[in-house]
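Asker: take this sequence and fold it.
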Amino acid sequence: MKNYIIIVACLFFTGCASTQTQIPAEEVRSLYAEGDLAYQNNEHQKALKIYIKLSSQLPSDATLWFKIGNSYARLDKQSQAIEAYEKAVVIDPYLSKAWHNIGVIQLKQSVNTWLQMLIYIPKNDPLHAKAVNLSKNLIALNSDESLNSGGDTAVMPALTANVVPSRVVAPFTVSNVVPDTVSSTAPNDLVQKPNQVSAATEIFEASQRLTSSAESLSGLLTKSIGQTERTAIFRELSQLWGVTLPQKNTPLSCGDVASAGLNCLSVGEWPQLVRYNRPAILVLKYEGQYHRVILSEISSKTSVVTFNNRSYTVNNDELKQYWNGSSVIFTRPNNIGSPLLQVGSRNQQVVWLRQKLNLAIDIAKLPLLSSESSLLFDEDMSTKLARLQFTYGLINDGKAGQETYLLINELLHPQKTPVLRSR
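Answerer: Here you go, the predicted model:
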């Protein structure tokens, strides 16, 4: 068996004998640390580039291939992620976290297939009811308390002993990401519970609202000349927030948005758009022309874009192809802005956060903070914040930043906060 693994490992990589120029050991260690730091800072493209460079020097490092898989998964490149995880388990068949992630991604893809099936088949089809039940049950299993995290900062159900990975049931939520191995913030007993069965129902109902097939985005943009200019799109997004922007002869700006009681926030990465969970104005470039559309709903493979007061379902891959990386979301300001608060912070902003955080934690049915009046951001506060972040698919670092404030507003003011998806 051992010889077989060595042979297969040689097939996976460029060869058992490396012809690469060797990097000094100290530089390898430095690169490893640099990659881990980039991953911790959510710079997954940078981390991936460093890890891949290291793989030529450490082709038999299973943990390195696991980190490459995690980086690909964070970038929503699932096939490349699975390939990297498979390389990891060829080198170390006992690396349970890699098996776990292969199963999680494959099962997530399976759930997507069932939900996509519901888009196309009519309700009178004999298999429709079965597809509905299977979809709901797979999603609802996410709330099963017998599932636990797979160590490190896993945010998906872990494999149990001797279970074939392809049979592991994974939750279906857009916000889910694979376990990080770099950070060690999250407690090991965390269980992600996005509103349990009600979330499953909402996801299913959202899939029902999609059109019978995704529109060609290029075709839509070709026909949309004059319908996607800045002022029109700003007005449409403000309507989702229940506010009216002023009538003026010059183009609307974020200053006009602020006058209406909202803030503008620039977002430049797709995973960040998903975590922020707010409708966004995307800038698209097609055939030399710039267009603005509203990203109003999102799922794993398709999204709904809106312009000229009409909505269209489009494929995410095509949407990302034309997106130039520029987007703006509207947010409702709170009393303290969005300062970074973490362990050791001590001020009145911490007191405000404690009070709001406890309300949000109570909604999530998680353990409450021990005090709402302390000025100190302590370890207890960080741990319980990490639990909340973990539950709703945020980066669970136990620090309060922009993502955390947006989540709290979303939980405390659901009727006043338009979102891309129900978490």
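
Asker: show me which residues of the host helix or strand of S79 are buried.
Answerer: When elements are assigned from DSSP states H and E, S79 belongs to helix 78-91. Across helix 78-91, burial judged by 16 or more other CB atoms under 10 Å covers Q78, A81, I82, E83, A84, Y85, E86, K87, A88, V89, V90, I91. Where you see a C-beta, it was placed from the backbone N, CA and C, and this is true even at glycine.

Asker: tally of neighbours for T244?
Answerer: Residues lying near T244 (other CB atoms under 10 Å) number 10.

Asker: close enough to count as contact, it and F234?
Answerer: No. T244 sits out of contact with F234 when judged by CB atoms under 8 Å, with a separation of 11.2 Å.

Asker: can you list the domains in the chain?
Answerer: Domain assignment for the chain, taken from automatic domain parsing, gives 2-94, 117-209, 217-331, 348-416.

Asker: as JSON lines, those with distance to H100 and mean pLDDT would be great.
Answerer: Shown next, in JSON lines, are the domains of the chain (distance: least, CB to CB, whole Å; pLDDT from 0 to 100):
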{"stretch": "domain 2-94", "distance to H100": "9", "mean pLDDT": "79"}
{"stretch": "domain 117-209", "distance to H100": "5", "mean pLDDT": "46"}
{"stretch": "domain 217-331", "distance to H100": "19", "mean pLDDT": "90"}
{"stretch": "domain 348-416", "distance to H100": "16", "mean pLDDT": "94"}
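
Asker: take those and lay them out in JSON lines including distance to S110.
Answerer: Formatted as JSON lines, the domains of the chain follow (distance: least, CB to CB, whole Å):
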{"stretch": "domain 2-94", "distance to S110": "12"}
{"stretch": "domain 117-209", "distance to S110": "8"}
{"stretch": "domain 217-331", "distance to S110": "12"}
{"stretch": "domain 348-416", "distance to S110": "19"}
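
Asker: which of those sits closest to G337?
Answerer: Nearest of the domains of the chain to G337, taken as CB to CB: domain 348-416 at 8.3 Å.

Asker: any idea how far apart the tips of that closest one sit?
Answerer: End-to-end distance for domain 348-416, by CA to CA, to the nearest Å: 26 Å.

Asker: longest helix of the protein, counting residues only.
Answerer: Counting residues, the longest helix found in the chain (DSSP state H) is helix 96-120.

Asker: okay, the angle between that helix and helix 78-91?
Answerer: Note on geometry: by axes from the mean of the first three to the mean of the last three CA atoms, to 10 degrees, helix 96-120 and helix 78-91 are set 150 degrees apart in direction.

Asker: what residues sit buried inside helix 96-120?
Answerer: Buried, per 16+ other CB under 10 Å, within helix 96-120: 96-112, 114-119.

Asker: same deal with stretch 258-268?
Answerer: L262, C264, L265, V267.

Asker: in the stretch 251-400 of the chain, which spans are strands?
Answerer: Under the criterion DSSP state E, counting those that start in this stretch, the stretch 251-400 of the chain contains strands at 263-267, 280-286, 289-298, 302-307, 310-315, 323-331.

Asker: most tightly surrounded among these?
Answerer: Mean neighbours per residue, mean count of other CB atoms under 10 Å, is largest over these for strand 302-307, with a mean of 23.

Asker: ok, and what's touching that one?
Answerer: Strand 302-307 is contacted from outside by 210, 214, 217, 220, 224, 227-228, 232-233, 236, 282, 291-298, 311-316, 319, using CB atoms under 8 Å, 6 or more residues apart in numbering.

Asker: hmm, 7 Å instead?
Answerer: Strand 302-307 is contacted from outside by 210, 214, 224, 227-228, 233, 236, 293-297, 311-316, 319, using CB atoms under 7 Å, 6 or more residues apart in numbering.

Asker: how distant is it from the center of its chain?
Answerer: Chain-centre distance of strand 302-307: 18 Å, with CA atoms, centre = their mean, to the nearest Å.

Asker: just use 26 as the starting number from now, easier for me
Answerer: Let's use 26 as the start, then, which means that last one is strand 327-332.

Asker: what's N67 in contact with, if anything?
Answerer: N67 makes contact with I420, according to CB under 7 Å, 6+ apart.

Asker: distance of it from A50?
Answerer: 28 Å (CB to CB, to the nearest Å).

Asker: likewise for Q373?
Answerer: Separation of Q373 from A50 (CB to CB) stands at 49 Å.

Asker: try K133
Answerer: When distance is defined by CB to CB, K133 is 38 Å away from A50.

Asker: ditto for L262
Answerer: Counting by CB to CB - L262 and A50 are separated by 53 Å.

Asker: of those two, who's got more company?
Answerer: Just comparing L262 and A50: by other CB under 10 Å the higher neighbour count belongs to L262, 26 against 9.

Asker: which residues touch the more buried one?
Answerer: By CB under 7 Å, 6+ apart, the contact list for L262 reads P304, I306, I319, F355.

Asker: what's the most distant pair in the residues you listed?
Answerer: Comparing all pairs in these by CB to CB, the longest separation belongs to I319 and F355, at 10.4 Å.

Asker: any idea what sits nearest R412, other than its immediate chain neighbours?
Answerer: Nearest residue to R412, sequence neighbours excluded (CB to CB, 6 or more residues apart in numbering): L391, at 5.2 Å.

Asker: contacts only, for that neighbour.
Answerer: Counting by CB under 7 Å, 6+ apart, L391 makes contact with K409, R412, L413, T416.

Asker: which member of the residues you listed is positioned nearest S363?
Answerer: Once CB to CB is applied, the member of the contacts of L391 that ends up nearest S363 is L413, at 16.3 Å.

Asker: what residues are up against that closest one?
Answerer: With contact set as CB under 7 Å, 6+ apart, L413 has these partners: A385, I386, A389, L391.

Asker: which of those residues lies closest to S363?
Answerer: For the contacts of L413, with S363 as the reference and CB to CB as the criterion, the closest is A385, at 15.2 Å.
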